[in-house]
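[1] Got a sequence here, can you build the structure:
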Amino acid sequence: MSYLATINRYIQEIDSCMGSLNRHTIHATIDLFKDLRDRQVGSLFFFANGGSVGIAEHCSIDYFKIGGFRTEGTLSPAFLTCLSNDFGYSVTIEKYVDRMVREADVCVFISSSGESPNIINGVMAAKGKGCKTIGLSGFNERNRLSELADLSFWVDSDKYNIIENAHQILLLYILDVIVDGALT
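    Next up, the predicted model:
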């Protein structure tokens with residue numbers, strides 16, 4: 001099989017995953033984000049693990065720079081290792097949410113499996129504060145992140161890179177719609 005055929009199949013797989021995302025949830029997320037930005041009383045937080053940290057950081061920067069949002073990205077390595085060492089990795093995001101997130105904020109949680117304990121604990125902490133939560137996951141449709149988040153996006157794939165690419169495309173698409181308006 002040629003590389004061109006392989007990449008075309010890969011792109012088709014991502015396209016299929018994107019096409020299966022719930023349109024109502026996309027529109028609800030766009031409305032929630034627009035309201036957050038227009039009110040200027042809350043921040044948009046992005047939390048993730050592993051490779052998804054790159055997505056969270058990228059989105060935090062672009063939503064700030066291009067979209068005019070007040071944003072916070074995933075914890076810095078120093079902050080993460082400090083909290084992990086002192087409290088345990090499973091509560092790192094929870095501890096951060098407890099001290100930094102306010103009721104007016106919106107928190108985006110990215111976990112390919114939707115089962116990462118530190119993500120789940122972070123979502124529960126954010127919900128306990130009255131924050132709106134968005135979850136992005138993949139693999140098993142019935143995962144804890146999908147069940148807990150106020151708005152949930154599940155990517156129908158069992159491949160990390162497909163799931164992570166779909167998450168990034170979705171979040172950047174939402175930003176482009178907010179900024180350009182004409183893409184919906």
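
[2] In this structure, where is pLDDT below threshold?
    For the chain, the stretches with pLDDT under 70 are 1, 182-184.

[3] For it, which segments count as strands?
    44-48, 71-72, 106-110, 132-137, 151-154 (DSSP state E).

[4] Return the most buried member of those.
    Stretch with highest mean neighbour count among those: strand 106-110 (a mean of 28; mean count of other C-beta atoms under 10 Å). (Glycine included, C-beta is placed from N, CA and C.)

[5] Tell me which other helices or strands it touches.
    helix 23-39, strand 44-48, helix 52-65, helix 117-128, strand 132-137 (3 or more C-beta pairs under 8 Å, 6 or more residues apart in numbering; DSSP states H and E).

[6] Neighbouring strands of it in the sheet, and parallel or not?
    Using DSSP bridges, strand 106-110 pairs in its sheet with strand 44-48 (parallel), strand 132-137 (parallel).

[7] how about these in a markdown table, adding distance to G73?
    Listed next are these as a markdown table, based on distance: least, C-beta to C-beta, whole Å:
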| stretch | distance to G73 |
| --- | --- |
| strand 44-48 | 5 |
| strand 132-137 | 15 |
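
[8] nearest to C17, of these?
    C17 sits nearest to strand 132-137 of all the strands paired with strand 106-110, at 11.7 Å, using C-beta to C-beta.

[9] got a list of contacts for that closest one?
    Residues outside strand 132-137 that contact it (C-beta atoms under 8 Å, 6 or more residues apart in numbering) are 29, 32, 105-114, 123, 126-127, 143, 145-146, 148-155, 163, 167, 170-171.

[10] repeat that for 6 Å
    Strand 132-137 is touched from outside by 32, 106-111, 114, 123, 126-127, 143, 145-146, 149-154, 167, with contacts defined as C-beta atoms under 6 Å, 6 or more residues apart in numbering.

[11] Any idea how far that strand is from the middle of the chain?
    Taking C-alpha atoms, centre = their mean, to the nearest Å, the mean C-alpha location of strand 132-137 is offset from the chain mean by 6 Å.
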